[in-house]
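Peer 1: Give me the fold of what follows.
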Amino acid sequence: MSLLLNCDLGESFGNWTMGMDAAVMPHIDQANIACGFHAGDPLIMQHTLALAKTHGVAVGAHPAYPDLVGFGRRSMNISKAELKAMISYQLSALEGMAASQGLTVEYLKPHGAMYNDMMAKTENRLAIMEAIAEHHRPVKLMLQATPQWQSHQDEAQKIGIECLFEAFADRCYDDDGKLLARSKPGAVHDKETMLAQVIQLAKKGTITTVSGHTLELQADTLCVHGDNAEGVAAIASIREAIS
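Peer 2: Predicted structure coming up:
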């Protein structure tokens, strides 16, 4: 299995800095760039796009609920029409700025609560898929690789879009294929366990769940995090492990 590496970037805002984007960018294949609703601002978006261009990294939109204070981690009870408009607005904003630098937005990956709601609620997932399908050119949807990946792919194909399925390098999986809640022991792997999971996924297309079961995952890309120097070093180790 050939795995790409994706990372959430461009999440600074004004004078507030989040992550180590310049250090991360040389090690990844896909940059999920915040579009201003949970983080990011026009200057940050412009700078992050320029970094991606310099390092030949594919660009994806990383939209969210309008929640700067909560960093997009709080769910919102909104209508289908409003959710679709939020997706279209944020995708179009990043796409316009990307085009000014000769770049193309290749995919869209919702952030935080919007991502969790997409995976948990069929109506949210279909609304996001429809918003992408109504865009003026093809854009792929990045969503979590689960045992239900085939049904998610079938939904996307019926609507007329393509999917990218992602797995998580540093998170432990429950037996149902969902990520183990962060509140539970062992939810986040140490470096050794993380690298073992990455190698297993890359070579066998499987992960070992919290109770020791083997679970097949259809994954195209691996989500990594570069919020600090330790995280950046871990990304470099992951890149070496799957190369």
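Peer 1: Counting residues, what is the longest helix that the chain contains?
Peer 2: Across the chain, the longest stretch assigned as helix under DSSP state H is helix 80-100.
Peer 1: elements contacting that one?
Peer 2: Counting contacts by 3 or more CB pairs under 8 Å, 6 or more residues apart in numbering; DSSP states H and E, helix 80-100 packs against helix 42-55, strand 58-62, strand 105-108, helix 122-133. The C-beta positions use only the backbone N, C-alpha and C, and glycine is treated the same way.
Peer 1: Could you check the angle that helix makes with helix 122-133?
Peer 2: Orientation check (axes from the mean of the first three to the mean of the last three CA atoms, to 10 degrees): helix 80-100 against helix 122-133 gives 40 degrees.
Peer 1: Now stretch 18-29: buried residues?
Peer 2: For stretch 18-29, burial by neighbour count (16 or more other CB atoms under 10 Å) applies to 18, 19, 20, 21, 23, 24, 25, 27, 28, 29.
Peer 1: what's the residue closest to the geometric middle of the chain?
Peer 2: In the chain, the centroid-proximal residue (CA atoms, centre = their mean) is residue 109; its distance is 4.8 Å.
Peer 1: Skipping its backbone neighbours, what lies nearest that residue in space?
Peer 2: residue 142 (3.8 Å; CB to CB, 6 or more residues apart in numbering).
Peer 1: before we move on, what about residue 23?
Peer 2: Nearest to residue 23 is residue 232, by CB to CB, 6+ apart, at 4.7 Å.
Peer 1: Please render the buried residues of stretch 18-29 as a markdown table that adds secondary structure, distance to residue 60 and pLDDT to the earlier fields.
Peer 2: A markdown table is the format used below for the buried residues of stretch 18-29 (DSSP: H, G, I helix; E, B strand; the rest coil; distance: CB to CB, whole Å; pLDDT from 0 to 100):
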| residue | secondary structure | distance to residue 60 | pLDDT |
| --- | --- | --- | --- |
| 18 | coil | 17 | 90 |
| 19 | coil | 16 | 85 |
| 20 | coil | 19 | 91 |
| 21 | helix | 14 | 94 |
| 23 | helix | 19 | 94 |
| 24 | helix | 14 | 95 |
| 25 | helix | 13 | 96 |
| 27 | helix | 16 | 94 |
| 28 | coil | 11 | 96 |
| 29 | coil | 10 | 97 |
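Peer 1: re the thing from before, tell me which residues of the longest helix of the chain are tucked away?
Peer 2: Neighbour count says helix 80-100 has 83, 84, 86, 87, 90, 91, 93, 94, 95, 97, 98 buried, by 16+ other CB under 10 Å.
Peer 1: helices and strands around the worst-scoring helix or strand of the chain on mean pLDDT, which ones?
Peer 2: Ranked by mean pLDDT, DSSP states H and E, the weakest helix or strand in the chain is helix 229-242, scoring a mean of 88. Using 3+ CB pairs under 8 Å, 6+ apart, the elements in contact with helix 229-242 are strand 4-9, helix 21-24, helix 191-204, strand 221-224.
Peer 1: need the contact list for the closest residue in space to residue 55 that isn't next to it in sequence.
Peer 2: Using CB to CB, 6+ apart and skipping residues adjacent in sequence, the residue nearest residue 55 is residue 25, 4.8 Å away. By CB atoms under 8 Å, 6 or more residues apart in numbering, the residues touching residue 25 are 9, 31, 51, 52, 54, 55, 57.
Peer 1: out of those residues, which are buried?
Peer 2: By neighbour count, with 16+ other CB under 10 Å, these hold 9, 31, 51, 52, 57 as buried.
Peer 1: wait, which of these is closest to residue 102?
Peer 2: residue 52 (11.2 Å; CB to CB).
Peer 1: separation between the closest one and residue 22?
Peer 2: For residue 52, the distance to residue 22 (CB to CB, to the nearest Å) stands at 11 Å.
Peer 1: mind listing what residue 98 touches?
Peer 2: Residue 98 makes contact with 49, 59, 104, 105 under the criterion CB under 8 Å, 6+ apart.
Peer 1: Having no further points to raise, I will conclude here.
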